[in-house]
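Colleague: next come a sequence and a model predicted from it.
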Amino acid sequence: MGKHIVITGVSTGIGRDALGLLHQKGYHIYGSVRKKADAKLLTKAYPQRFTPLIFDVQDQAAATQAAKLVFEECDRIDALINNAGIAVPGPLQFVNEEDFEKQMDINLKSVRRITNTFLPLLGTATDFKGKPGRIINISSISGLLSVPFNGVYSISKHALESMTDVYRRELRRYGIKVIAIEPGPIKTKIWGKNLNSMEQFVDTDYYDILQNANKIIENTEKNAFPVSRTSDVILKCVTKKHPKTRYIVHKNAFIFKIFANYLPDKLLDWFINRALSKGKRHRPV
Ligand SMILES: NC(=O)c1ccc[n+]([C@@H]2O[C@H](COP(=O)([O-])OP(=O)(O)OC[C@H]3O[C@@H](n4cnc5c(N)ncnc54)[C@H](OP(=O)(O)O)[C@@H]3O)[C@@H](O)[C@H]2O)c1
């Protein structure tokens, strides 16, 4: 019986690197992509033990259809890694309804849809045999600390933190472990996708802060960890006998925890405002 893992969003970034490491460790990876061209490229790079699943996480029918193949080929999977995600920037006051909904749908609602699709293979099927699988949600430190002007993303990741806890407590009876990984800045394409994105809000009262946005994004990229750091943690979540319930991947994880959990709100507000006004600091994502 082989070792199988499903990962969403393997075309670039964190998902792409995790695919490489887990494949190297002998797993068969079912990786989701949206474009046929990405499926072709990855199949060429990994002619064995890689199967592309082509679907958009917003499309339940397409996900169910793609999952059929996994159900045909596997009795169980070792892990589901919910990685696909986007970051919608902008002040909460001005982000339009459509973008707000898209952010929530991709980063949060789709995680429930995809998880429920694969749950039978993780351990909930009545005839399930073997070791239950694990669910690994790629959250963010923005799910622990609310970040202004990146607030819609932050809200989606806070809700994902809660969803992770709920699933973990509910799925305990099946032996399915549910883990959140909370990366700080990681060098991926997500940054480039956000450059100049604040320009649509220049005519608002927030312009003085938002004009630093590109500088902040560039600083963030400079200070970001390489993707291998998240892959190492993902591997630990898949293989460790007793994994923790959450892992922060950040240069100053301990200090970040103190900031997020113990600093009085007003002091935290002051720190965040100072960092944003100067544009020198990197922002958490
Ligand atoms: N980079 C960071 O600093 C950082 C920090 C904390 C958390 N994270 C989280 O890490 C995860 C991966 O992000 P990344 O940094 O690796 O960014 P990325 O390079 O932009 O990768 C995002 C992946 O998600 C896929 N995706 C986006 N929307 C999708 C949809 N509707 N359906 C299916 N797939 C979709 C993308 O596919 P396409 O190529 O088809 O668009 C891509 O494969 C996200 O959940 C993000 O929030 C990232």
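Modeller: Thanks, I have the structure now.
Colleague: next secondary structure element downstream of the least confident helix or strand in the chain by mean pLDDT?
Modeller: Taking mean pLDDT, DSSP states H and E as the measure, helix 190-194 is the helix or strand of the chain with the lowest mean score, a mean of 76. Next along the chain after helix 190-194, taking DSSP states H and E as the criterion, comes helix 207-210.
Colleague: tell me which parts of the protein are close to the ligand?
Modeller: With Cβ under 6 Å from any ligand atom as the criterion, the chain comes near the ligand at residues 8-9, 11-15, 32, 34-35, 56-58, 83-86, 106, 138, 140, 183, 185-186, 188-190, 224, 285. For the C-beta atoms, the positions are set from N, CA and C on the backbone; glycine is no exception.
Colleague: recalculate using a threshold of 5 Å.
Modeller: Residues of the chain lying close to the ligand (Cβ under 5 Å from any ligand atom) are 9, 11-14, 34, 56-58, 83-85, 106, 138, 140, 183, 185-186, 188-190, 285.
Colleague: filter those down to the ones in strands?
Modeller: 138, 183 (DSSP state E).
Colleague: can you tell me which of the residues of the chain next to the ligand are buried?
Modeller: 9, 11, 13-14, 34, 57, 83-85, 106, 138, 140, 183, 185-186, 188, 190, 285 (16 or more other Cβ atoms under 10 Å).
Colleague: now go through the residues you listed and say which are in helices.
Modeller: In helices, defined here by DSSP state H, the members of those are 13, 14, 190.
Colleague: want to try CSV for the residues you listed, with distance to residue 220 as columns?
Modeller: As requested, those are exported to CSV (distance: Cβ to Cβ, whole Å):
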residue, distance to residue 220
13, 14
14, 15
190, 10
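Colleague: out of these, which is nearest to residue 239?
Modeller: Relative to residue 239, the closest of these is residue 14; by Cβ to Cβ it sits at 17.7 Å.
Colleague: elements contacting the least confident helix or strand of the chain?
Modeller: helix 213-223 (3 or more Cβ pairs under 8 Å, 6 or more residues apart in numbering; DSSP states H and E).
Colleague: tell me the buried residues in the helix or strand following the helix it packs on?
Modeller: Downstream of helix 213-223, the first helix or strand assigned by DSSP H and E is helix 228-239. For helix 228-239, burial by neighbour count (16+ other Cβ under 10 Å) applies to 229, 230, 231, 233, 234, 235, 237, 238.
Colleague: biggest separation within those residues, which pair?
Modeller: So, the buried residues of helix 228-239 by Cβ to Cβ: farthest apart are 229 and 238, at 15.5 Å.
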